[in-house]
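Asker: No sequence on hand, only this structure:
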Ligand code: ZN
Ligand code: ZN
């Protein structure tokens, strides 16, 4: 077996193609192209494909100006390029022929732009086309060692940034949410992250009652609960953590009790994680605690979401999802309580399912006092 995690994943994907009697995968710049090919590119207007046949070796077809970059990044030997004044579909036709794809089912990257999908249909009128979700998401849902290493490092960078945020203490009073968000971004990078994995949430006072408030010009006041939900990337893998803190002064009435209930719910859900447990049971573990404490109505969202090359992916930790947890799955546990017009609390860690329980990817204090 190869030392390249990308090649190992590709061989596993090919085995699944054969099981399904599909001819090939056709990928387009997306997390899937990175997952199998090691090439991380934004989708553009030029023809750029990774073809993975059910057997044999994959082929990249990319614009000439990406040629060197792709050869540098990938384990795939066969990287074919086309120049701007040539017909990319002639190169695509040859590549598919060399992959042995004349008819049969081609599984498409779900985010492939329609015009490229139609071009592939023109080049291979005898093929059927379907989505590659089933093959790829089933592989991606269990993280391998290289992925777990990146996720752990991204988690550590987020944790270090959160410690810096707490250290602001009373200095955070008077900052606007947006100023604090910029500080978070700067600290994530200082601790080894690449950019942010999503626009940071810095929601203060009544804004925190809206779970997806971004950040705005509201000034943080003494006694305001402030929800900080953010992450960064390491090797394209994200972190995602939330803490809700009060930088100075006393929190509003009822807040401390709600925060304690959310932390209890968070721990109860994490304690429920182990292989063989349905995802919905983890949601129920958090929800039962909040319902018993009288906050059932105020917990307005699912308990968590899977995290990988996409910051929201399978498995979803939600009522009705009876999917059984397996070793290597990574997801968030993020119960919250939201009181409209007043305040909100959310506490979020990422966890990895292990052989007999789980490992947390975040480990900073979860209390509201900074
Ligand atoms: Zn989050
Ligand atoms: Zn999350």
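Answerer: Great, that's in hand. The shown structure was predicted, so the numbers you read here are calculated from the model rather than taken from an experiment. Numbers count the residues shown, from 1 in each chain. Ligands and ions are numbered 1, 2, ... in the order given.

Asker: State the number of residues packed around the residue nearest to residue 161 when sequence neighbours are not counted.
Answerer: Nearest non-adjacent residue to residue 161, counting by C-beta to C-beta, 6 or more residues apart in numbering: residue 187, 3.9 Å away. (Each C-beta comes from the backbone N, C-alpha and C, glycine too.) Residues within reach of residue 187, counting by other C-beta atoms under 10 Å, total 21.

Asker: what do you get for residue 243?
Answerer: 25.

Asker: pretty sure it is touching residue 162, no?
Answerer: Yes. In this structure, residue 243 is within contact of residue 162 by C-beta atoms under 8 Å, at 5.7 Å.

Asker: and the residue nearest the centre of the chain, helix, strand or coil?
Answerer: In the chain, the centroid-proximal residue (C-alpha atoms, centre = their mean) is residue 311; its distance is 1.8 Å. Using DSSP: H, G, I helix; E, B strand; the rest coil, the structure places residue 311 in coil.

Asker: how close does it sit to ligand 2?
Answerer: Going from residue 311 to ligand 2 by C-beta to the ion, to the nearest Å gives 7 Å.

Asker: any idea how far the residue nearest to that residue when sequence neighbours are not counted is from residue 133?
Answerer: Closest residue in space to residue 311, ignoring its immediate chain neighbours: residue 238 at 4.7 Å, by C-beta to C-beta, 6+ apart. Between residue 238 and residue 133 the distance is 20 Å, computed by C-beta to C-beta, to the nearest Å.

Asker: between the two, who's got more neighbours?
Answerer: Per other C-beta under 10 Å, whichever of residue 238 and residue 133 has more neighbours is residue 238, with 26 against 15.

Asker: wouldn't the residue nearest to residue 311 be in contact with residue 313 here?
Answerer: No. Between residue 238 and residue 313 there is no contact under C-beta under 8 Å: 10.3 Å.

Asker: ranges for the helices of the stretch 201-350 of the chain?
Answerer: For the stretch 201-350 of the chain, the helices defined by DSSP state H, counting those that start in this stretch occupy 255-271, 279-292.

Asker: For ligand 1, find the nearest of those helices.
Answerer: Closest approach to ligand 1 among those (C-beta to the ion): helix 255-271, 12.5 Å.

Asker: Distance from that closest one to the middle of the chain?
Answerer: With C-alpha atoms, centre = their mean, to the nearest Å as the basis, helix 255-271 stands 24 Å off its chain's centre.

Asker: picking that back up, which neighbours do residue 238 and residue 313 share?
Answerer: Listed as contacting both residue 238 and residue 313 by C-beta atoms under 8 Å, 6 or more residues apart in numbering are residue 307.

Asker: Check the secondary structure at the residue located most distally from the centre of the chain for me.
Answerer: Largest separation from the mean C-alpha position in the chain: residue 85, at 37.6 Å (C-alpha atoms, centre = their mean). Under three-state DSSP, residue 85 falls in the coil class.

Asker: Ok, residue 367 next?
Answerer: Secondary structure of residue 367, per three-state DSSP, is coil.

Asker: Please tell me how far residue 68 sits from residue 6.
Answerer: From residue 68 to residue 6 the distance is 18 Å (C-beta to C-beta).

Asker: Compare these two (neighbour count), which wins?
Answerer: Neighbours per residue, other C-beta under 10 Å: of residue 68 and residue 6, the larger number sits with residue 6, 20 against 11.

Asker: That one: helix or strand, and which one exactly?
Answerer: helix 5-19 (DSSP states H and E).

Asker: Figure out how far that helix is from the centre of its chain.
Answerer: Relative to its chain's centre, helix 5-19 lies at 21 Å (C-alpha atoms, centre = their mean).
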